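Visitor: coordinates only, sequence not included:
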């Protein structure tokens, strides 16, 4: 039984240590260049179309939520009419 464990241990070491590490491209300098440009855009919109859509969706949800809160407070504050 120990022989099988030793074989498994050697196999796992060999596969992990012999695999080549992935080389990922460093995107930070490019992003820094984009976000530090003085092009008149606010920083939360410099990411492109995705940032603009996220910003608009967030603002729409915020306005809807505020309106719903005001409606809920008014409906709770005003007495209900009895028929």
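Guide: Arrived safely, thanks for sending. Only a predicted model underlies this, so the values are computations on that prediction, with no experimental measurement involved.
Visitor: Only C-alpha atoms from now on, for both contacts and neighbour counts.
Guide: OK.
Visitor: per-residue confidence at residue 43?
Guide: Reported pLDDT at residue 43 in the predicted model: 88.
Visitor: how about it, what does it touch?
Guide: Residue 43 makes contact with residue 35 under the criterion CA atoms under 8 Å, 6 or more residues apart in numbering.
Visitor: What mean pLDDT does the one helix or strand residue 6 maps to get?
Guide: Applying DSSP states H and E as the criterion places residue 6 in helix 2-18. Summarised as a single mean, pLDDT over helix 2-18 is 67.
Visitor: in whichever helix or strand comes after that helix, what's buried?
Guide: Using DSSP H and E, the next helix or strand after helix 2-18 towards the C-terminus is helix 28-36. Along helix 28-36, these residues count as buried under the neighbour rule (16 or more other CA atoms under 10 Å): residue 35.
Visitor: Can you get me the centre-to-centre distance for helix 28-36 and its chain?
Guide: Here the centre of mass of C-alpha atoms in helix 28-36, compared against the chain's by CA atoms, centre = their mean, to the nearest Å, lies 19 Å away.
Visitor: name the helices or strands packed onto it?
Guide: Judged by 3 or more CA pairs under 8 Å, 6 or more residues apart in numbering; DSSP states H and E, helix 28-36 has no packing partners among the helices and strands.
Visitor: neighbouring contacts of it?
Guide: Under the criterion CA under 8 Å, 6+ apart, residues 43, 46-47 lie in contact with helix 28-36.
Visitor: how about these in a markdown table, adding distance to residue 60?
Guide: Written out in a markdown table, the entries for these read as follows (distance: CA to CA, whole Å):
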| residue | distance to residue 60 |
| --- | --- |
| 43 | 19 |
| 46 | 20 |
| 47 | 19 |
